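Engineer: Give me a 3D structure for the following:
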Amino acid sequence: MKRLLEISWDKRAIFLERPNRFLGICQDPNTNEELKVHVRDPGRLTELLFKGNEVLLKRGKNPKRKTRWDLIAARSMGKWVLVNSGFHSAIASLIFNDKEISPFGRVLSLQPEVKVGKSRLDFLLFIEKGKKIYIEVKGCTLQKNGKALFPDAPTQRGRRHLLELADMVEKGSRSAVVFLIFCPNVSCFDANGRTDPAFYETFYHVIEKGVEVYPICLEYKGSFVWYKKEIELCRD
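Structural biologist: A predicted model of the protein is given here:
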């Protein structure tokens, strides 16, 4: 494993409920105080954010904010799973800039938040000989039977990103979708056809068109994100 990024936390808590996508209610196990927590990841996360599960919180920097805490990670199968999508861009940048683990080899420079069609893709990478690669990064926290699955909720936005990547291939550029998989015990990755059949069909359609796919397995351990390995696709 290779250490990538430190993400500290301040408190262990017990998850109680999620009144809406961005708000969680937790309990301090020492004082029984209820804590309002900002949930950055808009996914369902039902396998992680359920009543009684242990979570890690970080105190927010803005004292005037209604949610004084940020959700960092949740317990699953004896390990911590990072559930804060606010760190995805930084993690991806560290991977791309490390030629030993980057799926694209040596990257000369990268540009974040690139406008493409009706979307903004996460990165445009510049590699040797003037070549460039358009990249979309997705975070994955859902695992079943040793398999990582994305998405955990229907996503029209995710499907649109795939089609934008395919358009760039048709125009002569490389493009790829990189899945940051925060389930350390999985062995392969697949699109989640049961939850979002349209995304599943689009995913394999754009692969046939030349969009590259890189599922990267990571682990959040000891307040650090660790790179483990790139894993295979396993289509049902």
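Engineer: Now do the same contact list for the residue nearest in space to the middle of the chain.
Structural biologist: By CA atoms, centre = their mean, the mean C-alpha position of the chain lies nearest to residue 139, the distance being 1.4 Å. Shown in contact with residue 139 (CB atoms under 8 Å, 6 or more residues apart in numbering): 41, 85, 88, 179-180, 182. (C-beta placed from N, C-alpha, C; glycine too.)
Engineer: Residue 151 versus that one, what's the distance?
Structural biologist: 10 Å (CB to CB, to the nearest Å).
Engineer: For residue 143, which non-adjacent residue is spatially closest?
Structural biologist: Once flanking residues are discounted, residue 143 sits nearest to residue 183: 3.9 Å by CB to CB, 6 or more residues apart in numbering.
Engineer: and what of residue 200?
Structural biologist: Computed as CB to CB, 6+ apart, the closest residue to residue 200 that is not its neighbour in sequence is residue 193, at 3.5 Å.
Engineer: Also residue 201?
Structural biologist: That would be residue 193: by CB to CB, 6+ apart, it lies 7.9 Å from residue 201.
Engineer: now swap in residue 10 and tell me
Structural biologist: Closest to residue 10 by CB to CB, 6+ apart is residue 59, at 4.9 Å.
Engineer: for residue 170, same thing?
Structural biologist: residue 209 (7.1 Å).
Engineer: Any idea how many residues pack against that neighbour?
Structural biologist: Using other CB atoms under 10 Å, residue 209 has 15 other residues around it.
Engineer: show me what contacts residue 97?
Structural biologist: By CB under 8 Å, 6+ apart, the residues touching residue 97 are 107, 110.
Engineer: what number of residues lie near residue 10?
Structural biologist: When neighbours are counted by other CB under 10 Å, residue 10 registers 13.
Engineer: Just to check, it is in contact with residue 58?
Structural biologist: Yes: with contact defined as CB atoms under 8 Å, residue 10 counts as touching residue 58 (5.3 Å).
Engineer: so where is the protein shaky, pLDDT-wise?
Structural biologist: By pLDDT under 70, the weakly predicted segments of the chain are 236.
Engineer: Can you list the buried residues in stretch 110-122?
Structural biologist: 110, 114, 116, 119, 121-122 (16 or more other CB atoms under 10 Å).
Engineer: Apologies, that question was intended for stretch 22-31.
Structural biologist: For stretch 22-31, the neighbour count (16+ other CB under 10 Å) marks 24-27 as buried.
Engineer: Give me the phi and psi angles of residue 222.
Structural biologist: Backbone torsions for residue 222, taken as degrees, to the nearest 10, come to phi 60, psi 40.
Engineer: Helices along the chain, start to end?
Structural biologist: Secondary structure of the chain (DSSP state H): helices located at 88-96, 156-170, 197-209.
Engineer: Any idea how far the shortest one is from the middle of the chain?
Structural biologist: Taking the mean of its C-alpha atoms, helix 88-96 sits 11 Å from the chain's own mean (CA atoms, centre = their mean, to the nearest Å).
Engineer: could I have it exported to CSV, CA atoms only?
Structural biologist: Provided in CSV are the C-alpha atoms of helix 88-96 (Å, rounded to 0.1, in the frame of the first residue of the first chain):
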residue,chain,number,x,y,z
HIS,A,88,-12.1,13.0,-4.0
SER,A,89,-10.4,15.6,-6.1
ALA,A,90,-7.3,15.8,-3.9
ILE,A,91,-7.0,12.0,-3.7
ALA,A,92,-7.3,11.7,-7.5
SER,A,93,-4.7,14.5,-8.1
LEU,A,94,-2.2,12.7,-5.8
ILE,A,95,-2.7,9.4,-7.8
PHE,A,96,-2.4,11.1,-11.2
